[in-house]
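A.B. asks: Starting from these lines, generate the structure:
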Amino acid sequence: MSPTFRALRVRNYRLYASGSVVSNTGTWIQRIGQDWLVLQLHGGSHAQASTSLGITTGLQFLPVLLLSPYAGLVADRMSKRRLLQLTQAWMACWSFVLAMLAITGVVEAWMVYAVAFSFGIGSAFDAPARQSFVSEMVGPDDLTNAVGLNSASFNLARVMGPAIAGFLIAALGGAIQTSRVVDAHALRATGLVILLNAVSYLAVIGALGLMRDHELFENPRAPRGKGMIRDGFRYVRSRPDLSMILTAGFFAGTFGMNFQMTSALMATQVFHKGPGEYGILGTTLAVGSLTGALLGARRVAKPRPHYVIIAGIAFALVEIALGLMPSYLMFAVTTPVLGFCILTMLNSANTTVQLGTSPSMRGRVMALYMMLVMGGTPIGAPIVGWVGATFGARWTLIGGGLMSLAGIVLAAVVFRGLTGSPWLGRPRTSTEETTDTVMAA
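C.D. replies: So this is what the prediction gives:
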């Protein structure tokens, strides 16, 4: 088997990867559909649409910020497989609710906010369990490859999902009306598209049910005790390399990774395009991400923290350049570069954190990682939305890129000060050597 796909030789992982492609495609279909639904509800009001998109995105990720430490503890203390089945069922239910609200034509902006928040509760518990469950399916030897393939699966869905959503919304008559009167037929079209996501969760739930327990590399569950969440914070604080990665991820996730919103605003307000062209932007971004994921899956050597910094700086610079693009065509052609850079950063961060963390702490550390990378969105998305409403859609990218660049460079500088080692081509620290010894044991 090709080194790029070596983790697929594990039956349990093959099942999971197959279900994930279907479910992830549905997730991206809903993301496009949900944002388009918000735009439909506000008609021709650009300022209201910008603010509402920011609120929707922020509410969807707010539970990640609020609940991630507790969700990580739950992931360390119970069967991750069972937890994933529960979270997938929860998100399927709320996806169905949003679809029905749109199909029946009764949907209002506050309802979208409420569903987005409820959906985010499931995401908060799903993320740390999903991230740490990968090592239980394949073991440490294939973890780097499995993380890369997970990203490839996610981004393959990201290629297909937005394109499918944009095509179906346009084909079913879901165009935005320029008047303030909401078109019930257009809402129904978007609702039917969102309904596809509710059905897609059955693929992952079924795959998890077909797995063989005796083939899992299940880690011992953390024993019940006081201060377990605080232990996770103390563990990360004692590791400057992990602190650097989490800090860099926070700035990129909070201010730079608002692609749903920035693409929608650029497509509709700057380039004056419709749902088909908006969907294409999600696909072009995913082409670069998919390339980065496949290259990451081929990597044999373990990624190092400085990979995160290099890729993060490149991501921030490309995002700034995107905000200056003069035409839709140039914007679309450049988005794959942005996708490649951010995926390389996230893959390197994810694998480095998982391989460098004690198995008994992995759920809590991955929860903190997801809290900072995804949980910063409730802070950043409304700010970026306000920037778009006040200064124009281009500044959502320019400002987000500048803030990401400043935060990533700051993380690297502080890390260098704490360790006394350069972050580019630095020698291995004693902490890393100790960690590798523990992992090998």
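
A.B. asks: Tell me how far the residue most central in space within the chain lies from Leu281.
C.D. replies: Centroid-nearest residue in the chain: Met374, 6.6 Å away (criterion: C-alpha atoms, centre = their mean). To Leu281, Met374 is 21 Å away according to C-beta to C-beta, to the nearest Å. Using the backbone N, CA and C atoms, a C-beta is placed for each residue, glycine as well.

A.B. asks: same deal with Ile103?
C.D. replies: Ile103 sits 26 Å away from Leu281, going by C-beta to C-beta.

A.B. asks: These two: who's more crowded?
C.D. replies: More neighbours surround Leu281 than the other of Ile103 and Leu281, with 25 against 18 (other C-beta atoms under 10 Å).

A.B. asks: what about the more buried one, distance to Ile245?
C.D. replies: For Leu281 relative to Ile245 (C-beta to C-beta), the value is 28 Å.

A.B. asks: Tell me where the stretch 101-250 of the chain has helices.
C.D. replies: Here the stretch 101-250 of the chain has its helices, by DSSP state H, counting those that start in this stretch, at 109-138, 143-172, 184-209, 228-237, 240-251.

A.B. asks: now what about the shortest one, what contacts it?
C.D. replies: Around helix 228-237, the neighbours that count as contacts under C-beta atoms under 8 Å, 6 or more residues apart in numbering are 69-70, 72-73, 76, 222, 242-243, 246, 357-358, 361, 364-365, 367-368.

A.B. asks: from the residues you listed, which has minimum pLDDT?
C.D. replies: Ranked by pLDDT, the contacts of helix 228-237 bottom out at Ala222, which has 58.

A.B. asks: Where does pLDDT dip in the chain?
C.D. replies: 1-2, 43-47, 175-182, 219-227, 299-303, 375, 418-441 (pLDDT under 70).

A.B. asks: just how off-centre is stretch 355-374 within its chain?
C.D. replies: 15 Å (C-alpha atoms, centre = their mean, to the nearest Å).

A.B. asks: Go through that stretch and flag the buried ones.
C.D. replies: Neighbour-count burial for stretch 355-374 flags 355-357, 359, 361-374 (criterion: 16 or more other C-beta atoms under 10 Å).

A.B. asks: among those residues, which are in helices?
C.D. replies: 355, 362-373 (DSSP state H).

A.B. asks: of all these, which two lie farthest apart?
C.D. replies: Leu355 and Met371 (19.7 Å; C-beta to C-beta).

A.B. asks: Just the closest of the ones in helices among the buried residues of stretch 355-374 to Val159, please.
C.D. replies: In terms of C-beta to C-beta, no member of these lies closer to Val159 than Val373, at 21.6 Å.

A.B. asks: correct me, but that closest one touches Gly253?
C.D. replies: Yes. Proximity of Val373 to Gly253 meets the contact threshold set by C-beta atoms under 8 Å, at 4.0 Å.

A.B. asks: residues near the residue nearest to Thr262 when sequence neighbours are not counted, how many?
C.D. replies: Closest residue to Thr262 apart from its sequence neighbours, by C-beta to C-beta, 6 or more residues apart in numbering: Thr396 at 4.6 Å. By other C-beta under 10 Å, 32 other residues sit near Thr396.

A.B. asks: mind putting the helices of the stretch 101-250 of the chain in a markdown table, distance to Met261 and mean neighbour count included?
C.D. replies: Converted to a markdown table, the helices of the stretch 101-250 of the chain look like this (distance: least, C-beta to C-beta, whole Å; neighbours: other C-beta atoms under 10 Å):
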| stretch | distance to Met261 | mean neighbour count |
| --- | --- | --- |
| helix 109-138 | 12 | 22 |
| helix 143-172 | 14 | 23 |
| helix 184-209 | 17 | 21 |
| helix 228-237 | 29 | 16 |
| helix 240-251 | 17 | 24 |
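
A.B. asks: Next up, the contacts around Val353.
C.D. replies: Leu242, Ile245, Leu246, Val365, Met366, Tyr369.

A.B. asks: what do you get if the cut-off is 7 Å, keeping everything else the same?
C.D. replies: Leu242, Ile245, Val365, Met366, Tyr369 (C-beta atoms under 7 Å, 6 or more residues apart in numbering).

A.B. asks: of those, closest to Pro275?
C.D. replies: Nearest to Pro275 among the contacts of Val353 is Tyr369, at 33.6 Å by C-beta to C-beta.

A.B. asks: Between the contacts of Val353, which sits nearest Val10?
C.D. replies: Of these, the one sitting nearest to Val10 (C-beta to C-beta) turns out to be Met366, at 20.2 Å.

A.B. asks: Am I right that the closest one is in contact with Gly72?
C.D. replies: Yes. Applying C-beta atoms under 7 Å, one finds Met366 in contact with Gly72, separated by 6.5 Å.

A.B. asks: what's the overlap in contacts for those two?
C.D. replies: Common contact partners of Met366 and Gly72 (C-beta under 7 Å, 6+ apart): Pro128.

A.B. asks: And Gln354, how far from Gly339?
C.D. replies: For Gln354, the distance to Gly339 - C-beta to C-beta - is 22 Å.

A.B. asks: what's the answer for Thr56, then?
C.D. replies: With C-beta to C-beta as the criterion, Thr56 and Gly339 are 22 Å apart.

A.B. asks: Specify which residue of the two has the higher count of neighbours.
C.D. replies: Neighbour tally, Thr56 and Gly339, criterion other C-beta under 10 Å: the higher count belongs to Gly339, 28 against 24.

A.B. asks: tell me which element the more buried one falls in.
C.D. replies: Using DSSP states H and E, Gly339 falls within helix 328-355.

A.B. asks: which parts of that helix are buried?
C.D. replies: Of all the residues in helix 328-355, those buried under the rule 16+ other C-beta under 10 Å are 328, 331-332, 334-355.

A.B. asks: picking that back up, the helices of the stretch 101-250 of the chain: which one's closest to Arg304?
C.D. replies: Taking C-beta to C-beta, helix 240-251 is the member of the helices of the stretch 101-250 of the chain nearest to Arg304, at 8.8 Å.
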